[in-house]
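Asks: fold the following for me, if possible:
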Amino acid sequence: MPQVPLNRGFRLVPETYQKDDIPIGELLLAGASSDVKTWAQLFDEYRVVILAEAGAGKTYELEGAARRLKDQGKAAFFIRIEDLSEQFEQAFEVGSAEAFISWLASSDEGWFFLDSVDEIRLTAARVFEQALRNFAGRVGLACNRAHIYVSSRPYAWRPQRDRTLLEAILPFHADMTTLEGEQDEPSVSLIADQVTSQRLTTHTNEEPLLTLNVYQMTALSAEDIRTFAECSEVPNSSTFLHELERSNLYTLAQLPFDLRDLIYAWKTDQVLGSRLNILEQSVIRQLSQAELSTPSLTLTRMRDGAQLLAIAVVLTGIANVRLQATTTGEGIDPMVLLPEWSAAERHALLTSGLFGEPVYGEVRFRHREVRELLAARWIHQQLGTETNRNEIEPWMFRSRYGLTVLSARLRPLLPWLILFDEHIRERVIADYPEVVVEGGDAAALPLNAREATLKRVIEQITDPLASLRGLDNSAIVRIATPELEPFTLQLIEEHFKNDRVMFILGRLVWQGKMTQSLAPLSRIAADPQRSHYARLVAVRAIGSLASNERLSPLWRAILDSGGGIPRAVFAELVAYAPPKKASIDLILETLADRRATNVTTPVDSLAI
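Replies: Residues are numbered from 1 along each chain as shown. Just a heads-up that it's a prediction; the model follows:
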């Protein structure tokens, strides 16, 4: 596949997440809000740490950034951290040892991107530390004119310890950033600290610069996903993106590693399967590749081993698994769980695509949802007898002071487990309907289970005394499929005047492709007294499911209704309008209609 011109973003990790020496991966960093920067802005900084999850494409990004700067004639280098200790001359992936010597002899600024390509060789934190010390020794007195970017995993970065280490090994003095002058015959060596120069003077900055900033690489945006798909020769990328959203698979597409799986499925079948099918097929592909390298391992045996490791991670709360028996640390020892496996077999499983790249001799499941699915599969296999069920169900449903509460650790497994076990499914739908749509693949539930779930959720939404609060409106539509349409129509008639319920049911119609439910949604879209959220989803459902001939009459009805058009509703109309003169006329008429400013929420109305 050719180079993909993605415009990745980087979000500054807030100071509040850096006060304690807790791995950032254990915190809710995804909820942090700060401005997103691009590479162009990061190139101006001198000390940067970039945190990226496994499969996010950190190596690709750092190497690409080095190549772009090198192509601009700058001194830029992409260096393999694992080679710094012993083979410095061979560590350069972008740039060369000769170019490095030339930079040392100059007074130019340089850009260094330090990334671990073969992470399995970084067996301990001290190896990483020694590599950085060796690099610092090579750079020597030129350290202050070096822009240095170091990559790490969020769960491997210890904010206090690692920041202190980096600032000590690679110090940056904000009041002295460059060396200016010339030298007749520079004497430079790759041996640490052997750098001499003549007639070089320091240049002092007027404004102090920050020493070290820590950023997290953001997930792929919708535009990034489109670009990735087009570069992967996906036919009709717009349809692909639409199916990702409709099938609630966007979260799986936000890492390049997982996006490749989705693109493979789309190009093979021209359809995206269910979340359950997508994830299980991905598991099979990753394990099948490992199976080829170890003939003694069958696919079934590897899947059983992965399920056992997954439930161990969930129950203990220890995310890391040791790659080797000699590895020290708090990670789970796979030899205890898989004693009959050979060392080569355990290594083949732990280095398969199910797991991320090793960090200091330990690995983690690459994807949280895969881990939870595998753990749920393990529990389901143990529920075969009444004795086991009586022992295992209290793990999930715990009694506290006469009340039944869900286990916090096992709750994320329930949305998957209800797909496989009818008894647990009935109990969850009756008492905890919101859990059904918190994850898993609710669309794969039997029809009667989805109807019961939808009914219970709507009942709680309309009951002011119900305990259900803060339900993500996008979550309930996970049960959306066309066969749910008769029951959905019944609920639409029953709750037609409730805008909150209609917003949820409208999304259900749209994502479930329920074409027979569009008539009542047309009345909502054309009614200026309804909330603009309910109107928006009604227009979206009609625009995506109905023929072009149906959209123009709807647009005319909205204009003739005597009310204004919220900006978001207008945007939906334009997005689905066919490329015809009639559409242009409707757009111009809408823009000329001053009544558009008379809606209840002027911020969302058209500013004409």
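
Asks: how long is stretch 215-227 end to end?
Replies: According to Cα to Cα, to the nearest Å, stretch 215-227 extends 23 Å from its N-terminal end residue to its C-terminal end residue.

Asks: what does that stretch contact?
Replies: Applying Cβ atoms under 8 Å, 6 or more residues apart in numbering, the set of residues contacting stretch 215-227 from outside is 4-13, 24, 29, 36-37, 42, 48-53, 56-58, 61, 154, 228, 237-238, 241, 244, 250, 253-256, 259. (Glycine included, C-beta is placed from N, CA and C.)

Asks: how far does it sit from its chain's centre?
Replies: Mean-position distance between stretch 215-227 and its chain equals 9 Å (Cα atoms, centre = their mean, to the nearest Å).

Asks: could you give the average pLDDT over it?
Replies: Computed over stretch 215-227, the mean pLDDT rounds to 91.

Asks: same thing with stretch 480-500?
Replies: What stretch 480-500 shows for mean pLDDT is 93.

Asks: may I see the buried residues of that stretch?
Replies: For stretch 480-500, burial by neighbour count (16 or more other Cβ atoms under 10 Å) applies to 480-481, 484-485, 487-489, 491-492, 495, 499.

Asks: now do stretch 343-357
Replies: For stretch 343-357, a neighbour-count test (16+ other Cβ under 10 Å) marks 345-357 as buried.

Asks: nearest to V436 among the residues you listed?
Replies: Distance from V436 was checked for each of the buried residues of stretch 343-357 by Cβ to Cβ. The minimum falls on L354, at 26.2 Å.

Asks: so which strand or helix has the residue nearest to the closest one when sequence neighbours are not counted?
Replies: Closest residue in space to L354, ignoring its immediate chain neighbours: Q286 at 5.0 Å, by Cβ to Cβ, 6 or more residues apart in numbering. Using DSSP states H and E, Q286 maps to helix 275-293.

Asks: which residues does the next helix-or-strand element following that helix contact?
Replies: Secondary structure here is assigned by DSSP H and E; on that basis, the next helix or strand after helix 275-293 toward the C-terminus is helix 299-316. Applying Cβ under 8 Å, 6+ apart, the set of residues contacting helix 299-316 from outside is 283-284, 287-288, 290-291, 318-319, 321, 332, 334, 337-338, 341, 348-349, 352, 354, 365, 371-372, 374-375, 377-379, 381, 409-410, 412-413.

Asks: spit out the contact partners of the closest residue in space to E451 that isn't next to it in sequence.
Replies: If the residues on either side of it in the chain are set aside, E451 comes closest to F487, at 4.8 Å by Cβ to Cβ, 6+ apart. Remark: with contacts taken as Cβ under 8 Å, 6+ apart, F487 is in contact with 451, 454-455.

Asks: report how many residues lie close to L272.
Replies: Other residues within reach of L272, judged by other Cβ atoms under 10 Å, total 19.

Asks: what does the average pLDDT come to for the helix holding Q286?
Replies: In the prediction, helix 275-293 has an average pLDDT of 87.

Asks: begin at 31 from here
Replies: Understood, numbering begins at 31; the last thing we discussed is helix 305-323.

Asks: what packs against it?
Replies: Helix 305-323 makes packing contacts with helix 286-299, helix 329-346, helix 373-380, helix 398-412 when contacts are defined by 3 or more Cβ pairs under 8 Å, 6 or more residues apart in numbering; DSSP states H and E.

Asks: and F385, what does it touch?
Replies: Shown in contact with F385 (Cβ under 8 Å, 6+ apart): 84, 351, 393-396.

Asks: same check, this time on H377
Replies: When contacts are counted by Cβ under 8 Å, 6+ apart, H377 touches 353-354.

Asks: backbone torsions only: list them for the residue nearest to E481.
Replies: Its backbone dihedrals place F517 at phi -70, psi -40, with angles given as degrees, to the nearest 10.

Asks: any idea how far it is from F287?
Replies: Applying Cβ to Cβ, to the nearest Å, the value for F517 to F287 is 38 Å.

Asks: same check, this time on W296
Replies: Shown here: W296 relative to F287, a distance of 16 Å by Cβ to Cβ.

Asks: those two: who's more crowded?
Replies: Neighbour totals were compared for W296 and F287, and W296 leads with 22 against 16 (other Cβ under 10 Å).

Asks: report the secondary structure state of the closest residue in space to the more buried one that isn't next to it in sequence.
Replies: In space, W296 comes closest to F270 once its chain neighbours are excluded; the distance is 5.6 Å by Cβ to Cβ, 6+ apart. Look at F270: counting by DSSP: H, G, I helix; E, B strand; the rest coil, its state is helix.

Asks: how about P184?
Replies: When states are read from three-state DSSP, the local structure at P184 comes out as coil.

Asks: equivalent analysis for the one 10 residues further on, please.
Replies: Reducing the assignment to helix, strand or coil with three-state DSSP, the entry for T194 is helix.

Asks: report how many residues lie close to it.
Replies: By the criterion of other Cβ under 10 Å, T194 has 13 neighbours.

Asks: now it: how far from G170?
Replies: In this structure, T194 and G170 are separated by 21 Å, where distance is defined by Cβ to Cβ.

Asks: low-confidence stretches in the stretch 531-638 of the chain?
Replies: For the stretch 531-638 of the chain, the stretches with pLDDT under 70 are 624-638.

Asks: between which two of the buried residues of stretch 510-530 is the distance greatest?
Replies: Using Cβ to Cβ, the pair of the buried residues of stretch 510-530 lying farthest apart is T511 and D529, separated by 24.2 Å.

Asks: any chance you could map the strands in the stretch 381-530 of the chain?
Replies: Secondary structure of the stretch 381-530 of the chain, counting by DSSP state E, counting those that start in this stretch: strands at 392-393, 427-430, 433-436.

Asks: which one of the helices and strands packed on helix 305-323 is the most hemmed in?
Replies: Ranked by average neighbour count under the criterion mean count of other Cβ atoms under 10 Å, these are headed by helix 398-412 at a mean of 21.

Asks: which residues touch that one?
Replies: Against helix 398-412 from outside (Cβ under 8 Å, 6+ apart): 282, 305-306, 309-310, 312-313, 333, 336-341, 343-344, 384, 395, 418, 422, 442-444, 446-447, 450-451, 469-470.

Asks: try stretch 426-440
Replies: For stretch 426-440, the surrounding residues in contact (Cβ under 8 Å, 6+ apart) are 344-345, 347, 425, 441, 443-444, 454, 457, 461-462, 465.

Asks: pLDDT on stretch 341-349, on average?
Replies: For stretch 341-349, the per-residue pLDDT averages 95.

Asks: same question but for stretch 443-454, I mixed them up
Replies: Averaged across stretch 443-454, the pLDDT comes to 96.

Asks: list the buried residues in it.
Replies: So stretch 443-454, judged by 16+ other Cβ under 10 Å, has buried residues 443-449, 451, 454.

Asks: try stretch 170-179
Replies: For stretch 170-179, by 16+ other Cβ under 10 Å, it's 170, 172-179.

Asks: got the end-to-end distance for stretch 596-612?
Replies: One end of stretch 596-612 to the other measures 21 Å (Cα to Cα).

Asks: just to check, L200 is in contact with V78?
Replies: No: under the criterion of Cβ atoms under 8 Å, L200 is not in contact with V78, lying 11.0 Å apart.

Asks: find residues that contact each of these two.
Replies: Taking Cβ under 8 Å, 6+ apart as the contact criterion, the common neighbours of L200 and V78 are I178.
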